[in-house]
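K.L.:
Sequence unavailable; structure follows:
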């Protein structure tokens, strides 16, 4: 296998950033990250993801992207999700469950109302 050069790594980073970023061009307006490290999965992240995917199917919104990531280092607050909406600060939500996920999706993602009761931090 050939070795990667610095230029290769920069190109890969740029392509990945473009593929997962919230965009101004109307393509992706909201990105929801479900943190699914082992601690998150043990705390219920799979159920959170399932309810999110059900909401996504019902909403039929191609401008919303769902991604997963590993642990964000705050195991005591898992399951965590991050909502990044265009022109807004990212919000990390903590202690999520299926019902909280539905509420965050319907109120924050679709209507722009941050759910402060569940918010851990603004990034």
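P.N.:
The structure has been received and is ready for your questions. Treat the numbers as computed from the prediction; the structure is a model and nothing was measured.
K.L.:
When you work out contacts or count neighbours from here on, use the C-alpha atoms and nothing else.
P.N.:
Noted.
K.L.:
quick one, phi/psi of residue 93?
P.N.:
Residue 93 has phi and psi values of phi -110, psi 140 when expressed as degrees, to the nearest 10.
K.L.:
Which residues lie in contact with it in this structure?
P.N.:
By Cα atoms under 8 Å, 6 or more residues apart in numbering, the contact list for residue 93 reads 80-83, 118-121.
K.L.:
Now which of those residues would you call buried?
P.N.:
80-83, 118-120 (16 or more other Cα atoms under 10 Å).
K.L.:
among the residues you listed, which one has the lowest pLDDT?
P.N.:
Ranked by pLDDT, the buried ones among the contacts of residue 93 bottom out at residue 120, which has 88.
K.L.:
so that residue makes contact with residue 94?
P.N.:
Yes. Residue 120 is within contact range of residue 94, at 5.6 Å (criterion: Cα atoms under 8 Å).
K.L.:
List the ones among the buried ones among the contacts of residue 93 that fall in helices.
P.N.:
In helices, judged by DSSP state H, none of the buried ones among the contacts of residue 93 are found.
K.L.:
and of these, the nearest to residue 59?
P.N.:
If you rank the buried ones among the contacts of residue 93 by distance to residue 59 using Cα to Cα, residue 83 comes first, at 16.4 Å.
K.L.:
quick one: the closest one from residue 95, how far?
P.N.:
14 Å (Cα to Cα, to the nearest Å).
K.L.:
Give me the phi and psi for the residue most central in space within the chain.
P.N.:
Nearest to the geometric centre of the chain sits residue 33, at 1.5 Å (Cα atoms, centre = their mean). The phi and psi torsions at residue 33 (degrees, to the nearest 10) take the values phi -110, psi 120.
K.L.:
hey, what's it bridged with?
P.N.:
When assigned by DSSP bridges, residue 33 has beta-bridge partners residue 67, residue 82.
K.L.:
got a list of what it touches?
P.N.:
Contacts of residue 33 (Cα under 8 Å, 6+ apart): 66-69, 81-83.
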